[in-house]
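Colleague: dropping the sequence and predicted coords here.
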Amino acid sequence: MIDLNELQNRWIVGTPPAIQESSPFYSKWIQISYTNTKDQIPENEELHVHRSSEEYYLVTKGALRVTVGKRNLLVGSMQLLRVPKEVPHKITKHILPLTFFTIRVPSALPSEKKVVDE
């Protein structure tokens, strides 16, 4: 985990508009999604792995509780969590108001996500 409150770790992140896979602007190398909400998000995500993508959660406001392997981690504001490919993970709690980015490198197709037993 990288703490973005530390000056040497600060960087700027942007997000493109939602791009369909059929678009010429779609990137197979990186996928960035953005969540900004004051409303509760359903917390029913299943434990899963991404077969060929690393996943990053960059929280800019609020916090996420994420299970990664057998660890439960709290990712707070201006923190970045890296989940290597093939490592089971799921978001278990959202602390509102919440703003965060999900970044996958390379992009993950839905078929590459595999639900695993808890």
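Modeller: That came through fine.
Colleague: poorly predicted segments of this protein, please.
Modeller: 1-21, 23-26 (pLDDT under 70).
Colleague: counting by contacts, list what the longest strand out of those in it packs against.
Modeller: The single longest strand within the chain, with elements called by DSSP state E, is strand 89-105. Here strand 89-105 touches strand 31-37, strand 48-50, strand 54-68, going by 3 or more C-beta pairs under 8 Å, 6 or more residues apart in numbering; DSSP states H and E. No exception for glycine: its C-beta is placed from N, CA and C like everyone else's.
Colleague: buried sites along that strand?
Modeller: For strand 89-105, the buried set under the neighbour-count rule, 16 or more other C-beta atoms under 10 Å, comprises H89, K90, I91, H94, L98, T99, F100, F101, T102, I103, R104, V105.
Colleague: residues near P84, how many?
Modeller: 13 (other C-beta atoms under 10 Å).
Colleague: my read: it touches E54, true?
Modeller: Yes. With contact defined as C-beta atoms under 8 Å, P84 counts as touching E54 (5.6 Å).
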